[in-house]
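Q: Sequence and predicted structure are below.
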Amino acid sequence: MHFFGDLIRQAEGDIQVSRSGPQSLLELLKDEFTLDDAIRIRLQRGLDASQRETEHMIRTWKNRGYCAQRTAHSYYKSGKFAKISNFED
(Lines give C-alpha, C1' and ligand atoms only; values in the text may rest on other atoms or scores of the structure.)
Protein backbone atom coordinates (compact mmCIF):
# COMPACT_ATOMS: atom_id res chain seq x y z
CA MET A 1 0.00 0.00 0.00
CA HIS A 2 2.85 2.40 0.75
CA PHE A 3 4.21 1.77 -2.74
CA PHE A 4 1.03 2.92 -4.50
CA GLY A 5 0.59 5.86 -2.15
CA ASP A 6 4.14 6.99 -2.93
CA LEU A 7 3.52 6.68 -6.67
CA ILE A 8 0.33 8.74 -6.45
CA ARG A 9 2.02 11.45 -4.33
CA GLN A 10 4.95 11.64 -6.75
CA ALA A 11 2.59 11.88 -9.73
CA GLU A 12 0.73 14.74 -8.04
CA GLY A 13 3.99 16.55 -7.29
CA ASP A 14 3.94 15.78 -3.58
CA ILE A 15 7.35 14.10 -3.11
CA GLN A 16 6.72 12.88 0.45
CA VAL A 17 7.75 9.21 0.58
CA SER A 18 6.75 6.72 3.26
CA ARG A 19 9.34 5.22 5.57
CA SER A 20 10.51 1.76 4.68
CA GLY A 21 9.47 0.22 7.99
CA PRO A 22 9.43 0.61 11.73
CA GLN A 23 12.34 2.40 13.36
CA SER A 24 14.87 0.16 15.05
CA LEU A 25 14.57 0.31 18.82
CA LEU A 26 18.35 0.01 19.04
CA GLU A 27 18.68 3.36 17.26
CA LEU A 28 16.64 4.96 20.06
CA LEU A 29 19.00 3.77 22.80
CA LYS A 30 22.24 5.44 23.87
CA ASP A 31 25.53 3.78 22.87
CA GLU A 32 25.63 2.25 26.36
CA PHE A 33 22.29 1.13 27.74
CA THR A 34 20.76 -1.05 30.43
CA LEU A 35 17.97 -3.59 30.42
CA ASP A 36 15.75 -0.95 32.08
CA ASP A 37 16.50 1.51 29.25
CA ALA A 38 15.41 -1.09 26.68
CA ILE A 39 12.24 -1.84 28.67
CA ARG A 40 11.43 1.89 28.78
CA ILE A 41 11.82 2.20 24.98
CA ARG A 42 9.56 -0.83 24.43
CA LEU A 43 6.93 0.72 26.71
CA GLN A 44 7.11 4.04 24.82
CA ARG A 45 6.50 2.19 21.54
CA GLY A 46 3.56 0.21 22.92
CA LEU A 47 5.35 -3.14 22.77
CA ASP A 48 5.40 -5.97 25.30
CA ALA A 49 7.86 -4.62 27.86
CA SER A 50 8.20 -7.74 29.97
CA GLN A 51 11.73 -8.58 31.06
CA ARG A 52 11.53 -11.86 29.14
CA GLU A 53 10.61 -10.22 25.81
CA THR A 54 13.17 -7.44 26.28
CA GLU A 55 15.93 -9.91 27.05
CA HIS A 56 14.95 -11.90 23.95
CA MET A 57 15.23 -8.72 21.83
CA ILE A 58 18.68 -7.93 23.26
CA ARG A 59 19.82 -11.54 22.82
CA THR A 60 18.84 -11.31 19.14
CA TRP A 61 20.83 -8.07 18.78
CA LYS A 62 23.84 -9.73 20.43
CA ASN A 63 23.63 -12.74 18.09
CA ARG A 64 23.51 -10.40 15.08
CA GLY A 65 26.53 -8.43 16.36
CA TYR A 66 24.59 -5.21 16.96
CA CYS A 67 25.52 -4.98 20.65
CA ALA A 68 27.58 -6.70 23.31
CA GLN A 69 27.10 -7.26 27.02
CA ARG A 70 29.17 -5.30 29.54
CA THR A 71 27.64 -6.54 32.82
CA ALA A 72 24.60 -8.62 33.82
CA HIS A 73 22.15 -5.90 32.75
CA SER A 74 24.41 -3.45 30.88
CA TYR A 75 25.13 -3.42 27.14
CA TYR A 76 26.86 -1.34 24.50
CA LYS A 77 26.27 -0.94 20.78
CA SER A 78 28.76 -2.45 18.38
CA GLY A 79 29.25 -2.57 14.63
CA LYS A 80 27.25 -0.11 12.56
CA PHE A 81 25.01 0.87 15.48
CA ALA A 82 27.88 2.22 17.60
CA LYS A 83 28.19 5.23 15.29
CA ILE A 84 24.52 6.22 15.11
CA SER A 85 23.85 9.50 16.84
CA ASN A 86 21.31 9.45 19.58
CA PHE A 87 18.66 12.16 19.65
CA GLU A 88 17.21 11.24 23.05
CA ASP A 89 19.27 12.35 26.03
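A: That came through, no problem. Residues are numbered from 1 along each chain as shown.

Q: Name the surrounding residues that touch the longest helix along the chain.
A: If you go by DSSP state H, the chain has its longest helix at helix 51-64. For helix 51-64, the surrounding residues in contact (C-beta atoms under 8 Å, 6 or more residues apart in numbering) are 25-26, 35, 38-39, 42, 47, 67-69, 75. The C-beta positions use only the backbone N, C-alpha and C, and glycine is treated the same way.

Q: Redo those as TSV? Include secondary structure.
A: TSV is the format used below for the contacts of helix 51-64 (DSSP: H, G, I helix; E, B strand; the rest coil):
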residue	secondary structure
25	helix
26	helix
35	helix
38	helix
39	helix
42	helix
47	coil
67	strand
68	strand
69	strand
75	strand
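
Q: Reformat the residues you listed as a markdown table; add pLDDT, distance to residue 60 and neighbour count.
A: What follows is these, written out as a markdown table (pLDDT from 0 to 100; distance: C-beta to C-beta, whole Å; neighbours: other C-beta atoms under 10 Å):
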| residue | pLDDT | distance to residue 60 | neighbour count |
| --- | --- | --- | --- |
| 25 | 95 | 11 | 17 |
| 26 | 95 | 10 | 19 |
| 35 | 98 | 14 | 15 |
| 38 | 98 | 12 | 25 |
| 39 | 98 | 15 | 18 |
| 42 | 97 | 13 | 18 |
| 47 | 95 | 14 | 14 |
| 67 | 96 | 10 | 24 |
| 68 | 96 | 13 | 13 |
| 69 | 96 | 13 | 12 |
| 75 | 97 | 12 | 23 |
